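Chemist: The following comprises the amino acid sequence and a computationally predicted model.
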Amino acid sequence: MEVTLESIQQLKKEKNAVVLAHNYTLPEVQDAADYVGDSLGLSRKAAETEAEIIVFCGVSFMGETAKILNPDKKVLLPEPRAGCSMASMCTAPQVREMKKLYPEAAVVAYVNTTADVKAEADICCTSSNSVKATSSLEEKDIIFVPDMNLAAYTAQKLPEKNIIPFHGYCSAHHGITKWQIEDLKILHSGAEIVSHPECALDVLEMSDFVGSTEKMIDHVRESPNGEFIIATEVGMLYRLGKARPDAKFYFPPNALCQTIKMTDLRLIHRALNECKQEVVLDPDISMRARIPVERMLSLR
Ligand code: CIZ
C-alpha cells in the first residue's frame, strides 16, 4: 500500500492522534505533522495536547519528554532506534558523581538527556531558555549537563554563576568549525551568520545571531538580509526556505544528524496503524523527571 499524506491524516483522525516533529526531520515528516518546532515548543505542545496518542518524530529523548508530561497517554516513537549521541554521553550515575563532588550545586539538565538524567536535575532547559532556567536557581554553583557548548554559552551570559559543565556535545554542531564559517563568509561576504548555541564558543562569537532553531527561523523571517550562513543541522533548510523563499542559505557541509532523519512517512504510518513503538518509562523515574521538566515549562 502506498503511504500518502492523506492516509496519515485519515489515521490521525481515526486514532485521535497528534503528530509532533522537530525542525530537523525530513520535509515529508514535517508535512505530515500537526506541529513542527524546537524542543521547547514541542514540549509545550506535548503538555497541552488533548489527543490520546502522540506520535513523536524526532529522537528518543524527545519522545521520552512527551511521555514524562503525559504518563497516561500513548507516546509512539516511529523509529525507536533514533537516538541522540549527546544524550547517550551522559548517564545518571555520572550526574550523581558530579553531585557528590559539588554538593552545594544545583543541576540544570538540557532536555537532550535521558529520563534517568532528568530525574537527577533541579530544572531542565532547552537551547531557547538555558539562561532563564539557570538564572531562576538560587544556587551560585550549577552543574550543567550534558552539552559543554550550551554550558559555555550560558556561562558567558551569566557571569554571576559558577557553571560546572559536563563534557558532552552534539556531534553535528560540535563538528562545525570557525574555519568552515570563515570560508563560507569569504564566499558570501554579505551573509549574516546565524548559529545554534550547541556550536562551539568560537563559532558563536563570530555570529550575528545565536538561538534555538525556532528563534533562528524567527530571526531570518524578520531580517532585511537576503543571505544567511546557518550553523546548525541541515534539516532546517526546509523551514527556513518556507519562511524566506527569497533568501539564500549556506550550511557547513557536515552538519547532519543521521538519526533524526531515520523517521519517514512509512514509519509514521506503521506506528499509527499498529499503535506500536510505544515509549515506556519506569514510573518512578518518570515522576521524578517530570518535576524539572514542569519547572522549566512554568518559566515565563
Ligand atoms: O531545536 C533546537 O533548537 C534544538 C536542537 C534544541 C532545543 O533546545 O530546542
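Modeler: That came in fine, so what should we check first?

Chemist: Just the helices from the stretch 151-300 of the chain, written as ranges.
Modeler: 171-174, 178-187, 201-205, 213-222, 236-243, 265-274, 283-297 (DSSP state H, counting those that start in this stretch).

Chemist: May I ask you to confirm that residue 38 is in contact with residue 127?
Modeler: Yes - Residue 38 lies in contact with residue 127 (C-beta atoms under 8 Å); the separation is 7.1 Å. Backbone N, C-alpha and C define where each C-beta goes, glycine included.

Chemist: Compare the two (neighbour count), which wins?
Modeler: residue 127 (29 against 22; other C-beta atoms under 10 Å).

Chemist: Report the spatially nearest residue to the more buried one, omitting neighbours in sequence.
Modeler: residue 212 (4.2 Å; C-beta to C-beta, 6 or more residues apart in numbering).

Chemist: Correct me if wrong: the one you found contacts residue 131.
Modeler: No - Residue 212 sits out of contact with residue 131 when judged by C-beta under 8 Å, with a separation of 11.6 Å.

Chemist: When those two are compared, which one has more neighbours?
Modeler: More crowded of residue 212 and residue 131, by other C-beta under 10 Å: residue 212, with 23 against 18.

Chemist: Just the pLDDT at the more buried one, thanks.
Modeler: Listed pLDDT for residue 212 reads 96.

Chemist: residues in contact with it?
Modeler: If you count contacts by C-beta atoms under 8 Å, 6 or more residues apart in numbering, residue 212 has them with 38-40, 126-128, 196-197.

Chemist: Narrow those to those in helices?
Modeler: Mapping these onto helices (DSSP state H) picks out 39-40.

Chemist: of the contacts of residue 212, closest to residue 164?
Modeler: Set against residue 164, the nearest of the contacts of residue 212 by C-beta to C-beta is residue 197 (17.8 Å).

Chemist: Skipping adjacent residues, who's closest to that closest one in space?
Modeler: The nearest residue in space to residue 197 (C-beta to C-beta, 6+ apart) is residue 153, at 4.3 Å.

Chemist: number of nearby residues for that neighbour?
Modeler: 24.

Chemist: where does the stretch 51-200 of the chain come near the ligand, residue by residue?
Modeler: Residues of the stretch 51-200 of the chain lying close to the ligand by C-beta under 6 Å from any ligand atom are 111, 126-128, 196.

Chemist: Compile these into CSV and extend it with columns for pLDDT and distance to residue 4.
Modeler: Formatted as CSV, those follow (pLDDT from 0 to 100; distance: C-beta to C-beta, whole Å):
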residue, pLDDT, distance to residue 4
111, 97, 32
126, 96, 33
127, 96, 34
128, 95, 34
196, 98, 33
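
Chemist: and of the residues you listed, the nearest to residue 293?
Modeler: For those, the residue nearest residue 293 by C-beta to C-beta is residue 111; the value is 7.6 Å.

Chemist: Residue 125 is in contact with the closest one, correct?
Modeler: Yes - at 7.1 Å, residue 111 and residue 125 qualify as touching, with contact defined as C-beta under 8 Å.

Chemist: what about the two, which has more around it?
Modeler: Ranked by neighbour count (other C-beta under 10 Å), residue 111 and residue 125 place residue 125 first, with 28 against 24.

Chemist: And for the more buried one, nearest residue in space, chain neighbours not counted?
Modeler: residue 133 (3.7 Å).

Chemist: And the helix or strand hosting that neighbour, what does it pack against?
Modeler: Secondary structure assignment for residue 133, by DSSP states H and E: helix 130-135. Helix 130-135 is packed against strand 106-110, strand 123-125, helix 148-157, with contacts defined by 3 or more C-beta pairs under 8 Å, 6 or more residues apart in numbering; DSSP states H and E.

Chemist: switch the cut-off to 7 Å
Modeler: Helix 130-135 sits against strand 123-125, helix 148-157, with contacts defined as 3 or more C-beta pairs under 7 Å, 6 or more residues apart in numbering; DSSP states H and E.

Chemist: contacting residues around it?
Modeler: The contact list for helix 130-135, computed with C-beta atoms under 7 Å, 6 or more residues apart in numbering, reads 108, 123, 125, 142, 150, 154, 157-158, 161, 296, 299.

Chemist: try 10 Å
Modeler: 106, 108-110, 121-126, 142, 144, 147, 150-151, 153-158, 160-161, 163, 197, 212, 292, 295-296, 299-300 (C-beta atoms under 10 Å, 6 or more residues apart in numbering).
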